[in-house]
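Participant: Fold the following and give me the result.
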Amino acid sequence: MVRAVALAGAPLLMLGSVTAQAQSNTELEELRERIQVLEGKLEGAVSTAPETRDDSRYLLRDGKGIKIGDTTISFGGFIKADVIFGSNGNGISNGYSIGLPRTLAKAANEGESDWKTGFSARESRISIGTKTEDVAGHDLTTYIEMDFNTAADAPGNEVVSNSYNPRMRQAYGSWNGWDFGQTFTTFTDLAALPEILDQGKQAAFIYTRQPMLRYNMSAPGGKLMVALENPEDGFGSESYGDQSYPDLVARYQTRGNYGIYSVAALLRHLEDDAAEDTKAAGAVSLSARIPTFGRDDLRLQYSYGALGRYMGLFTYPDVDRAEQAAGKVEPLNTYGVTAAYRHFWNSTWRSNLTVSHTEIVDDLDFSPAGTLSYFDSSTSVHANLLWSAHKNLTLGLEYAYWDFGEIAGSGSQQYEQVMASAKLSF
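Facilitator: Numbers count the residues shown, from 1 in each chain. Okay, the predicted model is just below:
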C-alpha cells in the first residue's frame, strides 16, 4: 500500500519541484532587476561609488545614507523661498547684507513711508555628511554645508538671472572628541536659538561661524568644550590687523528632562597695527532651553562683555572707534538678551514669539569717528505662525518689529517687516 501511494505521488512531487524551481528562478530574476535599478539610482547619487561586483558588498541605504564599505554618506539640505514686505522703502534686495540689523537701521533712519516687496531663494542649502567606522579605534565623521547667501555684489542680478555663487557655511570633521574645521563658534548655544523665518537675524543672538580646533569631553553632570578659534577684530570688511593669538572659548553644557543649560566664556586679544596698541578682553554668555507644557519650550540667552563681531550679526565694531582714531585700542563693551517661547497649537501648527535686545554699555558721542551708524541699541520682536504637515515641509508667516535707539539721545526709529517662507527639505 505504501509503495503504491509513493508511486502514485511521484508525478505530483516532480511537478511541485518543477513549479518551485520555476518560482525560484522568477524570484531570482526579479531580485536581479531590483538590484540593477538600485545600482542605476545610486550611480547618479554617488559618482565616486566603486563598481559593484557579485563578490562585493552592494551599496545599500541603511536609513541614514548610502553605505560604501565602512563609510556612510548622507545628503541633505532644503529649498527655501522667501517673500519679504518691508517698511521705510526697504524691499529686501536679493542680497545677504539686506536683512542685517545695521541695514534695517539704515532703512528706519531714512524715514521713507513706502513699503516694498522682495523675493529670494538664496538661503537654499546643500549638505553632505559622512561617517566612517573604526578609524584608529573611533568613528570619523565629516560635514560640509553650503548655501547661496553671499554678498550683494556677488555675480548675478535681479534684472535677468538672479544667479549667485555658492558659499561654504560649515566644513568640519570630528574624531575621538576633536572637531577640526569651520562651524558655529563654541560661544553660542544652538539649542537656545529661536525659531524665526529670517534665521539668526534678531537683535542680540550669537550666530558666528568660523574655523577652529575644539575638544569635547565629559564633565561632572554634563559636557565641557574648549576651543581655539579664528581671531579677528574690525568692522565689516575693515580689519585692524592680523591677530597674534587665537580666541580662546570654553563652554559647559548640561542637559536632561529638565532642559538644556550652558555657560560660556570668551577670551580675545584685540590689536590695531596702525595704532600699535593691543588689549586683552573677554565676554561671558548664559543660555537655556527649558521645557514647559506639552511640547512647548522657553529659550533664553544673555551675553555681556567685549562681544563686538560676535553680537547680533554685524551690529557693532570690536573697539571704540573714537579711541582708535586717537591711537588706542579700547574694547567696546555691549550686552544682549534674547527670550523666545515656542507653542504647539497641535501636531502640525506652532507659533514662536521672540524678543531680543542689545545695547552698547560704554558712553559714545554721535560722531563719524565713533560708529558707522546712528544707533547704539536695537530691539526686535518676531511673531510667527508655522505649519508643518510633514518634517520635510514647513510654510510660515512672520511679523517683525525693530526699534533702534539713537546715540547720545533719547530718540529712536522703527522698522517693520512681514515675511512668508516655504521650506522644502530633503
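Participant: which one is residue 178 nearest to, not counting chain neighbours?
Facilitator: residue 215 (5.7 Å; C-beta to C-beta, 6 or more residues apart in numbering). For the C-beta atoms, the positions are set from N, CA and C on the backbone; glycine is no exception.
Participant: Could I get the full set of helices for the stretch 301-426 of the chain?
Facilitator: 321-325 (DSSP state H, counting those that start in this stretch).
Participant: same check, this time on the stretch 101-250 of the chain
Facilitator: Counting by DSSP H, counting those that start in this stretch, the helices of the stretch 101-250 of the chain are 101-110.
Participant: For the stretch 251-400 of the chain, give me the ranges with low pLDDT.
Facilitator: 275, 364-374 (pLDDT under 70).
Participant: one more time with 50, if that's ok
Facilitator: 368-372 (pLDDT under 50).
Participant: Can you show me the strands along it?
Facilitator: All strands of the stretch 251-400 of the chain, identified by DSSP state E, counting those that start in this stretch, fall at 259-272, 277-291, 297-305, 334-344, 349-360, 375-390, 393-406.
Participant: pull the CA atoms of the shortest one into CSV?
Facilitator: In CSV, the C-alpha atoms belonging to strand 297-305 read as follows (Å, rounded to 0.1, in the frame of the first residue of the first chain):
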residue,chain,number,x,y,z
ASP,A,297,9.7,75.4,25.4
LEU,A,298,11.3,78.6,26.5
ARG,A,299,14.7,79.6,25.1
LEU,A,300,17.0,82.2,26.7
GLN,A,301,20.4,83.7,26.1
TYR,A,302,22.3,86.5,27.8
SER,A,303,25.7,87.8,26.8
TYR,A,304,28.0,90.5,28.2
GLY,A,305,31.5,91.9,27.5
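Participant: Strand partners (parallel or antiparallel) of that strand?
Facilitator: Its sheet considered, strand 297-305 pairs with strand 277-291 (antiparallel), strand 334-344 (antiparallel) by DSSP bridges.
Participant: Of these, which is nearest residue 192?
Facilitator: strand 277-291 (4.1 Å; C-beta to C-beta).
Participant: roughly how far out does that closest one sit from the chain middle?
Facilitator: 20 Å (C-alpha atoms, centre = their mean, to the nearest Å).
Participant: Would you mind listing the buried residues in that strand?
Facilitator: 277, 279, 281, 283, 285-289 (16 or more other C-beta atoms under 10 Å).
Participant: what's the closest of those to residue 395?
Facilitator: Using C-beta to C-beta, the buried residues of strand 277-291 come closest to residue 395 at residue 289, 24.4 Å.
Participant: sorry, back to before: how about the buried residues of strand 277-291 in TSV, adding distance to residue 187?
Facilitator: Supplementary listing: the buried residues of strand 277-291 in TSV, determined by distance: C-beta to C-beta, whole Å:
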residue	distance to residue 187
277	24
279	19
281	13
283	8
285	6
286	12
287	10
288	15
289	17
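Participant: from those residues, which is closest to residue 307?
Facilitator: After measuring these against residue 307 - C-beta to C-beta - the closest member comes out as residue 283, at 5.2 Å.
Participant: these two touch, right, that closest one and residue 302?
Facilitator: No: here residue 283 lies out of contact with residue 302, judged by C-beta atoms under 8 Å, at a distance of 11.1 Å.
Participant: hang on, isn't residue 332 packed against residue 320?
Facilitator: Yes: if you go by C-beta under 8 Å, residue 332 and residue 320 touch, sitting 5.1 Å apart.
Participant: Give me the more crowded residue out of the two.
Facilitator: Comparing residue 332 with residue 320 by other C-beta atoms under 10 Å, the one with more neighbours is residue 332, at 26 against 22.
Participant: on that earlier part again, please identify which of the strands of the stretch 251-400 of the chain is closest to residue 145.
Facilitator: Short answer: strand 393-406, nearest of the strands of the stretch 251-400 of the chain by C-beta to C-beta, at 18.5 Å.
Participant: hey, C-alpha coordinates of the closest one in PDB?
Facilitator: The C-alpha atoms that make up strand 393-406 are tabulated as PDB, following Å, rounded to 0.1, in the frame of the first residue of the first chain:
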ATOM      1  CA  LEU A 393       7.700  70.700   4.600                       C
ATOM      2  CA  THR A 394       7.200  74.000   6.600                       C
ATOM      3  CA  LEU A 395       5.200  77.000   5.500                       C
ATOM      4  CA  GLY A 396       5.200  80.100   7.600                       C
ATOM      5  CA  LEU A 397       4.200  83.700   8.100                       C
ATOM      6  CA  GLU A 398       6.000  86.100  10.300                       C
ATOM      7  CA  TYR A 399       5.800  89.700  11.500                       C
ATOM      8  CA  ALA A 400       8.900  91.600  12.800                       C
ATOM      9  CA  TYR A 401       9.200  94.900  14.600                       C
ATOM     10  CA  TRP A 402      12.500  96.700  15.200                       C
ATOM     11  CA  ASP A 403      13.400  99.700  17.400                       C
ATOM     12  CA  PHE A 404      16.800 101.500  17.100                       C
ATOM     13  CA  GLY A 405      17.900 103.900  19.800                       C
ATOM     14  CA  GLU A 406      19.900 106.900  18.800                       C
END
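Participant: in its sheet, what does it sit against?
Facilitator: strand 375-390 (antiparallel), strand 412-425 (antiparallel).
Participant: I'd like those strands laid out as JSON lines, including distance to residue 123 and mean neighbour count.
Facilitator: Shown next, in JSON lines, are the strands paired with strand 393-406 (distance: least, C-beta to C-beta, whole Å; neighbours: other C-beta atoms under 10 Å):
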{"stretch": "strand 375-390", "distance to residue 123": "16", "mean neighbour count": "19"}
{"stretch": "strand 412-425", "distance to residue 123": "9", "mean neighbour count": "18"}
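Participant: how about those in TSV, adding distance to residue 231?
Facilitator: Formatted as TSV, the strands paired with strand 393-406 follow (distance: least, C-beta to C-beta, whole Å):
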stretch	distance to residue 231
strand 375-390	25
strand 412-425	33
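Participant: Compare those strands and give me the one nearest residue 211.
Facilitator: Closest approach to residue 211 among these (C-beta to C-beta): strand 412-425, 26.9 Å.
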